[in-house]
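Chemist: my questions are about this predicted structure, shown below with the sequence.
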Amino acid sequence: MNSDDIRTQQLVLRPGDAGYDEELAGFQTGFAQRPDVIFAATSADDVEAAVAYAAGAGLPVGVQATGHGLPADSEGGVLISTRRMDEVAVDAAARTVRVSAGTRWRQVVEAAAPHGLAPLNGSAPGVGAVSYTLGGGLGILAREFGYAADHVRSVDVVTADARHRTVSADAEPELFRGLLGGGANLGVVTGLEIALVPVARLYGGSLAHDGAKAGAGAVLRAYTDWARTVPHTLTSSLSALAYPDIPALPPHLRGRYVISVRVAFTGSADEGERLVAPLRAALGPALSDSLREMPYAESHTIHSDPDFPHAYYGDSVLLREQAVEGVSELLALCGPDAASMHVVQVNHLGGALSRPAANSVPYREAGWLVRILSPLDGTDREAVRAHHARAFRQVEEQRMGRSLNFAFGGGDRTEGLYDAQTRKRLADVKAAYDPANLFRRNYNVR
C-alpha cells in the first residue's frame, strides 16, 4: 500500500500540500514538525491503515493529538494526526467515560458534570485527555485519587503490526501496563475507558503574594511546612513568576514577582477555610485571594493556565521529601533577576500518588515535583536549556527522576524518565510489540 492509495479513505498530506502546515499547528509552537507524510485520522480504521503504510515503507511513526505536547522530531517519517477523533461517552451508572484520541479534558468535564462526576484531569482544560493519561496524568485532585493512569479500565491501541487491540489488566496486561506511563512508545492509542470520581464541587482557588516583599524562600518554607499538615483530600501547588510590566496585565500583577499557592479540596468550604487559615496567617496579606466553593466545572479557574498557542521549553524533577533549601535556590535563579522569564511550579505529591498500581508511572515515593517552563519567543533555546540545568543542579541531591508529562523539550532528552526496573519492563514490552522500533519515541527503553 502506498500513501496515494489511502487518499481515497482519509486525508493524507505531504509538504507543499494545502492544509499541511495547518494540520501541524498546535499549542506548542516552539518546535517544528516536518513529517514526510501526515495521515489525518478520523477513526481507528484510519489509524490502522496509516500504521500499515508506515510499517510497509519502513518509516517511523509519530502521533499528534491535541493539547500541549508534541511527538519527537518526525522529519523523514509519518505523523498520524488524531485531533478529529474527539468522541466522549459517559456511563453514569458505571461511573466511567470513553474518550477518543483527540478528546480534550474540557469535553470530559462538561460531559461528566451533569451526573455529579468528574475525571482526574489536569489544570488546563485544553490538554488532550489521552496523551495526558498515557504520561501518567498528575491532576488537581491527585493526592486524593492518584494518577489518571491508575483509573484506566481499558485501552484501545493500534500496534506496530497494524492490529487494533483492546487491552486491560486482564487482556494483554503487560501491554496495558506499558502503555499507561509509557506514553506513545508502544502504539497509537485510539481510545481509553477511564473511571470517573463522584466529585460535583470543591473548595479551591489561589492565594497570590508579592514574592519580592515576602521573600521567595520564606513563602516556599511557609507553603511546604503547611502542605505537610493537610489531609490527602487537599491537593496543592506553588507557582512563581516575574510578570512583565505591560498594560495587558491586571494592575496587581503588572511588573511584580508573584508567588501563588493553588488549592483544590473536596471537603466542605468551612473545612477548607479551617485548613487554609494557618497558611493565610503565615503568609500575611495577599495580592489576591480567590479561594471559594465552586462547581467542579469551574475547576480550571484555580490555575487559569494560558489557553493560547505559544513557544516554550520545559522540564521537571521529582524530589524526595526533604528538598526545601535547594528549591529556594532554584527559585532565586529563576526569579526577577534571571535574564529571561521562567515559570516555576512546585507540586505537593504523596497521598494516593504513592500507592502502587499496575502501570508504568514511576517514582511514586517522590514528595515533590518541581517544574520550570520558559517562553522561547525571542530567547535562545540552548541558553534556556543551560539555565534549566543550572537551576536543577540546586536540587541534585534530592533528585529522583523526571516526569514524562512535563518534559516539554520536544523529545530532546530522555534520561531519568524511568527508574531501572520500569525501564527494563518497558524494554521487554517494546521488544514483544514493536521489535522494529516503528514508534521511536522510546525513552531509553531499548
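Modeler: Okay, I see it. Computed from a prediction, not measured in an experiment: that's the story for all the values here. Residues are numbered from 1 along each chain as shown.

Chemist: next one: phi and psi at residue 344?
Modeler: phi -110, psi 140 (degrees, to the nearest 10).

Chemist: how distant is stretch 339-354 from the center of its chain?
Modeler: 12 Å (C-alpha atoms, centre = their mean, to the nearest Å).

Chemist: buried stuff in it?
Modeler: Using 16 or more other C-beta atoms under 10 Å as the test for burial, stretch 339-354 gives 341-353. C-beta coordinates here come from the backbone N, C-alpha and C atoms, glycine included.

Chemist: how about stretch 245-257?
Modeler: In stretch 245-257, counting by 16+ other C-beta under 10 Å, buried: 253, 256-257.

Chemist: could you do stretch 42-58 as well?
Modeler: Result for stretch 42-58 [16+ other C-beta under 10 Å]: buried residues 42-44, 46-55.

Chemist: and those residues, which two are furthest apart?
Modeler: Greatest spatial distance among the buried residues of stretch 42-58 (C-beta to C-beta): 42 and 55, at 20.5 Å.

Chemist: now the helices for the chain?
Modeler: 3-6, 20-24, 44-57, 105-112, 129-134, 142-145, 173-182, 211-214, 216-227, 269-283, 324-333, 381-392, 420-433 (DSSP state H).

Chemist: packing partners of the fifth one?
Modeler: The reference is to helix 129-134. strand 96-100, helix 105-112, helix 173-182, strand 188-195 (3 or more C-beta pairs under 8 Å, 6 or more residues apart in numbering; DSSP states H and E).

Chemist: mind running it again at 7 Å?
Modeler: strand 188-195 (3 or more C-beta pairs under 7 Å, 6 or more residues apart in numbering; DSSP states H and E).

Chemist: also the second one?
Modeler: Taking 3+ C-beta pairs under 7 Å, 6+ apart as the contact definition, the neighbouring helices and strands of helix 20-24 are strand 37-40.

Chemist: what about 10 Å?
Modeler: The contact analysis (3 or more C-beta pairs under 10 Å, 6 or more residues apart in numbering; DSSP states H and E) places helix 20-24 against strand 11-13, strand 37-40, strand 78-81.

Chemist: tell me which of the ones you listed sits most buried.
Modeler: strand 78-81 (a mean of 27; mean count of other C-beta atoms under 10 Å).

Chemist: and that strand, how far out from the chain middle?
Modeler: Distance, centroid of strand 78-81 to centroid of chain: 20 Å (C-alpha atoms, centre = their mean).

Chemist: just stretch 232-246 next, same as before
Modeler: With C-alpha atoms, centre = their mean, you get 16 Å for stretch 232-246.

Chemist: in the chain, which helix or strand is least confident?
Modeler: Lowest by mean pLDDT, DSSP states H and E among the helices and strands of the chain is helix 3-6, with a mean of 55.

Chemist: which member of the buried residues of stretch 245-257 is positioned nearest residue 62?
Modeler: residue 253 (37.3 Å).

Chemist: which one is that closest one nearest to, not counting chain neighbours?
Modeler: Spatial nearest neighbour of residue 253, excluding adjacent residues (C-beta to C-beta, 6 or more residues apart in numbering): residue 243 at 4.8 Å.

Chemist: surely that neighbour is in contact with residue 258?
Modeler: Yes: under the criterion of C-beta atoms under 10 Å, residue 243 makes contact with residue 258 at 6.1 Å.

Chemist: burial count for the nearest residue to residue 321 once chain neighbours are set aside?
Modeler: Nearest residue to residue 321, sequence neighbours excluded (C-beta to C-beta, 6+ apart): residue 367, at 3.5 Å. Here the number of neighbours of residue 367 (other C-beta atoms under 10 Å) works out to 21.

Chemist: now residue 15
Modeler: By other C-beta under 10 Å, neighbour count at residue 15 equals 11.

Chemist: so what's it up against?
Modeler: Contacts for residue 15 (C-beta atoms under 10 Å, 6 or more residues apart in numbering) come out as 21, 34-38.

Chemist: now do residue 299, the pLDDT please.
Modeler: Confidence at residue 299, expressed as pLDDT, is 97.
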